[in-house]
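# what follows is a protein structure lacking sequence information:
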């Protein structure tokens, strides 16, 4: 039985099967890129770097949420919204969980990562950089915000 969590504006379903199904409903010219992003997400799940959830928005968009293990957030969100698919970046999660990967992901994406910005230019170089970022995050090196001082005495 599929676990479903209802949220304010849509519903979250465990796994990626619903996202895969949404690819088949996309315009034919968008399916290849959506499949590439989907396959990438499956690969990081198989490697144990993420757990996958699918979000069904009220606006008809379906998103794939590759959440970090034991963390209710991911570095990115994958969108299937009728416009060909995109990846949305979550800079605050990068800063906390994969700060060393920020520069590489920015270079691969061709843009500065901001909280919630997106790209439709999803290349194999970007997906490789994101895999490395999820690997860094899986190592568990969480950066402390600058406002927190920890004395090691």
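Now that the structure is in, tell me what you want to look at. Predicted model only: the values in this text are computed from it and were never measured.
# what lies in contact with the helix ranked longest in the chain?
Using DSSP state H to define each element, the chain has its longest helix at helix 28-46. Residues outside helix 28-46 that contact it (Cβ atoms under 8 Å, 6 or more residues apart in numbering): 16, 19-20, 22-24, 26, 50-52, 64, 66, 78, 80, 83-85, 87, 122, 127, 130-131, 134. Just so you know, the C-beta spots here come from the backbone N, C-alpha and C atoms, and that holds for glycine as well.
# out of those, which sit inside strands?
Judged by DSSP state E, the subset of the contacts of helix 28-46 located in strands is 50, 51, 52, 64, 66, 78, 80, 87.
# skipping adjacent residues, who's closest to the residue positioned nearest the centre of the chain in space?
Taking Cα atoms, centre = their mean as the criterion, residue 76 is the residue nearest the geometric centre of the chain, at 2.6 Å. The shortest distance from residue 76 to any non-neighbouring residue, by Cβ to Cβ, 6 or more residues apart in numbering, is to residue 87 (5.1 Å).
# so how many other residues sit close to that neighbour?
Using other Cβ atoms under 10 Å, residue 87 is surrounded by 22 other residues.
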